[in-house]
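Enquirer: prediction below, plus the sequence it came from.
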Amino acid sequence: MSTPTRFWTLFAASFAAATLVHAHGDVAPQAVDTAGLPQTGEEWLIENPYRAETAGEDVWQKAIEIGASGYNQNCARCHGLEVVSGGLAPDLRYLEAEEYGDEWYVERFRTGYTQNGTTKMPAFGELLGQDAAWAIRTYIETRPDGDMMDEVSGELKDLRDQLEGYADGADGADPDALKARLSEIAGGIETLSGAPVADSVAYRAARVIDGTPAGYKTAAETLTIGLSAAN
């Protein structure tokens, strides 16, 4: 089943199931601090402006960071931690990372969803604003494929252990080789949305290795936290 088809199948099934559980509408949206992101203006866009190919990698990374916080405060309760849905609401990882998916996403974000007079999802648009909307969208669409992460988790744990040793002063560290291997692993991990780069723990760990004990420690902690969250 293709990614777009699977999303719409899951969307129909999950919102049908949502009629059997409590509504989301009784939860007050939490403000999202979007400082550091380019402002998108008052007129709502129909395509994500924070993608790396549009805004550059630094803005993309900042959007993911802010989007993660905004998602966890406002969306995870229904859509699941790390955007892995438990069935209450659609699994947004499958929402295609292109204009059609963006249009659906921003419309739902702005206006919410009501069924038979019951609010299943509140309207976030006026409360959180457009910058927060697209930051959350960027975070969602860059979630890595969980099955692919499972396939490399063993090697990532081994690399984590090596990094911890180098952080403690062990000999033999080769930062270029470590970065290259983590980058290679990251390059083989896909998103379910079709976004070109997955914000995986391998990708994050590779970015912080700089040949210093502090860099090795941060990379090891990044892998530890990410692998724990995946489990």
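Expert: Looks like it came in fine. Note that the coordinates shown come from a computational prediction; the quantities given were computed from them, not determined experimentally. Numbering: from 1, shown residues only.

Enquirer: quick one: E99 and Y113, what's the gap?
Expert: 21 Å (C-beta to C-beta, to the nearest Å). (Each C-beta comes from the backbone N, C-alpha and C, glycine too.)

Enquirer: cool, L178 as well?
Expert: Using C-beta to C-beta, we find L178 at a distance of 45 Å from Y113.

Enquirer: so which of these two has more stuff around it?
Expert: Per other C-beta atoms under 10 Å, whichever of L178 and Y113 has more neighbours is L178, with 21 against 18.

Enquirer: and that one, what pLDDT?
Expert: Note on L178: pLDDT of 98.

Enquirer: so the residue sitting furthest away from the middle of the chain, which of the three states?
Expert: Computed with C-alpha atoms, centre = their mean, the maximum C-alpha offset from the centroid of the chain is found at D171, amounting to 35.3 Å. Following DSSP: H, G, I helix; E, B strand; the rest coil, D171 is assigned to coil.

Enquirer: so who does it touch?
Expert: Contact analysis of D171 by C-beta atoms under 8 Å, 6 or more residues apart in numbering lists nothing.

Enquirer: show me the helices in this structure, by range?
Expert: Along the chain, the stretches classed as helices by DSSP state H are 3-18, 52-55, 57-74, 76-79, 99-111, 125-128, 130-141, 146-167, 175-187, 201-208, 213-230.

Enquirer: can you tell me which of those helices comes nearest to D91?
Expert: D91 lies closest, by C-beta to C-beta, to one member of these: helix 3-18, at 5.3 Å.
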